[in-house]
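here is a sequence with its predicted model. Questions after.
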Amino acid sequence: MYAATKSRRVFPHLCNLRHRLSYVAGIETSCDDTGIAIVDSNGRVRGNVLESQQEFHTRYGGIIPPRAQDLHRLRIKDAFERCLQEAGLAAEELTAIAVTTRPGLPLSLLIGLRFARHLARKYNKPLLPVHHMEAHAIQARMEHIADIEYPFLCLLISGGHCQLAIVRGPGRLTLLGETLDDAPGEAFDKIARRLRLYVLPQYRLWNGGRAIEHAAKSAKDPLAYDFPLPLAQQRNCNFSFAGIKNNSFRAIRARELAERTPPDGVISNYADFCAGLLQAVSRHLMHRTQRALEYCLDPKNHSFGDAHPTLVVSGGVANNDAIFANIEHVAKAYNCRCYRPSKKYCSDNGVMIAWHGIEQLLYDSVKNLRYDLDSIDIQGQAGFLNSSVDDVTGAAIKCKWVQPIGLLPSVAHACHS
C-alpha cells in the first residue's frame, strides 16, 4: 500500500461497508482504452463506458504513447459523466474511486490518476490505487464469487504480460512464472502484421490475436507449419514467445519467396499458418500451466489451502476460445475447476478496476482508510508482492504432458521434460 505522509484524510463512513450497498467507480487508462465503470458491492455493473483507440493506432502499426495520452485526456471527463448517467447515480453517491496506477504506459496512467485525484478531492472520496494485472486476476470473482475462493491459481495472458500467480487476495499475489521476452498478445500482433492480415477487409480493424484465431478456423492442413517448443529443457513456469515470433517471420518469408507473394499480398495458406501458430502458443501455455498446477497441488506447498483447486485464465488473450479450451483441458486433467471472466471483461476495462476497489474495501478490512492523494503515484513497471519463481525452478517438476485438443495422434508426443 501507499504510505500517507501529510494531509491525511479519514473516512469513518467506510466502517460498515459489509452491511450496506456500496458503489465504486473504476478508472482504467493503462494503455490505449479509456474505461470507466461503476460496480456495486453485490457485483452488479451499474455503468460501463469504454472508449477504444484501436482504430486510430491500427493505422500507424502500434500504439503511440503521446497520442494515446491526448485521446485519454480528450475523452475521460465525458466517459465519466456518461457512466454516471448510465448507472443512474450522482457522483456524491459513490463510496470510493479506484484507479489503475501500475503497470502501464506512464503517459496514459497519468491521465487516469490526475482525473481520479480531481474526483476524490471534489467529492471527498477515498482513492484506491489498483495494480492492473491484479485486477485482471480477480475479475472472474465478480461473476463467480461463490465458486472462486482464495487462494487460486491464475494464468494472466495479455498484450503486455504473461504470468502465472497464486492469488490470495487483493495485493497478495505470489508469482510462479512470467515471460522472459514477448507477451502472447504482443507476439500475435507482430506476427499478424508481418503476415499482412490487415490487408484482408475482414481483419482490417481487428487485433492480431483475434485475426489469427478466426483465420485458423479455415485451415485445411493445420500441421503444415511446425514451431519449436520454447524452453523445453527448462523445468520452471516461465514463458518465452520471442522464438515463436522469430520462427514465424522466417516461415512467412520462406513462403513469400516460394510463392513470389507481392509486397501487399498474403501467403496463400495463411489459414494453415495461423492454425499452426495457435497450436504452438497453446501448447507452450499448457505446459507451463500444467507445471504450475503440479507445484500447487504438491502437499509440501499446500498452495490451495482448504479451497477447491481452481484455475482462472484472464487478460485480453483469454478471449481466445482455442487457448482457453486447451487450458481448461489441462485443468480438468487435475480435477481443477477453470474459469475466465466474460469476454467483455477479459480485455482492459473499468469494471475490473472498480471490482478490485470493491474487494479492497470488503475483503481487506479497510476500516479507517487514510490516503494523502499526492502520495499515490504511477509506476510503469510493477511486480507482485511475493515471488516463488526460484522455488518452482528448484523443484524441477517433471510432467507427463496433457496433449492439446485437436492434436493428431500421429504427431502427439507423450514426452517427459
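Thanks, I have the structure now. Just so it is clear, the structure is predicted and the values come from calculations on it, not from any experiment.

next, the buried residues of stretch 171-185.
171, 173-179, 182-185 (16 or more other C-beta atoms under 10 Å). C-betas here are computed from N, CA, C, even on glycine.

just confirm V351 contacts V45, I think it does.
Yes: contact criterion C-beta atoms under 8 Å: V351 and V45 qualify, at 5.6 Å.

neighbour count: these two, which is higher?
Legend: neighbour count by other C-beta atoms under 10 Å for V351 and V45, higher for V351 (25 against 22).

now for V351 and V45: what residues contact both?
Common neighbours of V351 and V45, counting by C-beta atoms under 8 Å, 6 or more residues apart in numbering, are 37, 39.

on that earlier part again, redo the buried residues of stretch 171-185 as a markdown table? Include pLDDT.
Below are these laid out as a markdown table (pLDDT from 0 to 100):
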| residue | pLDDT |
| --- | --- |
| G171 | 91 |
| L173 | 96 |
| T174 | 97 |
| L175 | 98 |
| L176 | 98 |
| G177 | 98 |
| E178 | 97 |
| T179 | 97 |
| D182 | 95 |
| A183 | 96 |
| P184 | 97 |
| G185 | 94 |
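
make CSV from these and add secondary structure and distance to G357 to it.
Shown next, in CSV, are these (DSSP: H, G, I helix; E, B strand; the rest coil; distance: C-beta to C-beta, whole Å):
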residue, secondary structure, distance to G357
G171, coil, 12
L173, strand, 16
T174, strand, 22
L175, strand, 23
L176, strand, 26
G177, strand, 28
E178, strand, 25
T179, strand, 28
D182, coil, 31
A183, coil, 25
P184, helix, 28
G185, helix, 25
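
from those, which single one is nearest Q233?
G177 (15.3 Å; C-beta to C-beta).

for the closest residue to the closest one other than its chain neighbours, which three-state class applies?
Leaving aside its sequence neighbours, G177 sits nearest to C237 (C-beta to C-beta, 6 or more residues apart in numbering; 2.8 Å). Secondary structure for C237, judged by DSSP: H, G, I helix; E, B strand; the rest coil, is coil.

likewise for A382?
Taking three-state DSSP, the label given to A382 is coil.

may I have the phi/psi pair for it?
phi -160, psi 130 (degrees, to the nearest 10).

same question for the one 10 residues further on.
The main-chain torsion angles of V392 are listed as degrees, to the nearest 10 and equal phi -60, psi -40.

residues contacting the residue lying closest to N238 once chain neighbours are set aside?
Closest residue to N238 apart from its sequence neighbours, by C-beta to C-beta, 6+ apart: G177 at 4.6 Å. Contact partners of G177, counting by C-beta under 8 Å, 6+ apart, are 163-164, 236-239, 288, 292, 389, 392.

dump the residues you listed into a markdown table; add neighbour count as well.
Formatted as a markdown table, the contacts of G177 follow (neighbours: other C-beta atoms under 10 Å):
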| residue | neighbour count |
| --- | --- |
| Q163 | 25 |
| L164 | 29 |
| N236 | 21 |
| C237 | 29 |
| N238 | 21 |
| F239 | 27 |
| R288 | 25 |
| A292 | 26 |
| V389 | 17 |
| V392 | 25 |
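
closest to A382 among these?
Nearest to A382 among those, with distances taken as C-beta to C-beta, is Q163, at 11.8 Å.

where does that closest one sit: helix, strand or coil?
Going by three-state DSSP: Q163 is strand.

and the helices in this structure?
With DSSP state H as the criterion, the chain has helices at 54-58, 65-87, 106-123, 132-138, 140-144, 184-195, 208-216, 242-259, 270-297, 321-333, 343-346, 350-363, 389-395.

how about the CA coordinates for stretch 139-152, as PDB?
Extracted in PDB, the C-alpha atoms of stretch 139-152 (Å, rounded to 0.1, in the frame of the first residue of the first chain):
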ATOM      1  CA  GLN A 139     -12.100 -10.100 -12.200                       C
ATOM      2  CA  ALA A 140     -13.700 -13.500 -12.600                       C
ATOM      3  CA  ARG A 141     -14.700 -13.500  -8.900                       C
ATOM      4  CA  MET A 142     -17.200 -10.700  -9.600                       C
ATOM      5  CA  GLU A 143     -19.200 -13.200 -11.700                       C
ATOM      6  CA  HIS A 144     -18.300 -16.400  -9.800                       C
ATOM      7  CA  ILE A 145     -17.600 -15.300  -6.300                       C
ATOM      8  CA  ALA A 146     -19.400 -18.400  -4.800                       C
ATOM      9  CA  ASP A 147     -17.100 -20.700  -6.800                       C
ATOM     10  CA  ILE A 148     -13.800 -18.900  -6.900                       C
ATOM     11  CA  GLU A 149     -12.400 -18.700  -3.300                       C
ATOM     12  CA  TYR A 150      -9.000 -17.600  -2.300                       C
ATOM     13  CA  PRO A 151      -6.400 -18.900  -2.900                       C
ATOM     14  CA  PHE A 152      -6.500 -19.900  -6.600                       C
END
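
rewinding a little: what separation do you get for the residue nearest to N238 and L231?
Distance of G177 to L231, computed by C-beta to C-beta, to the nearest Å: 10 Å.
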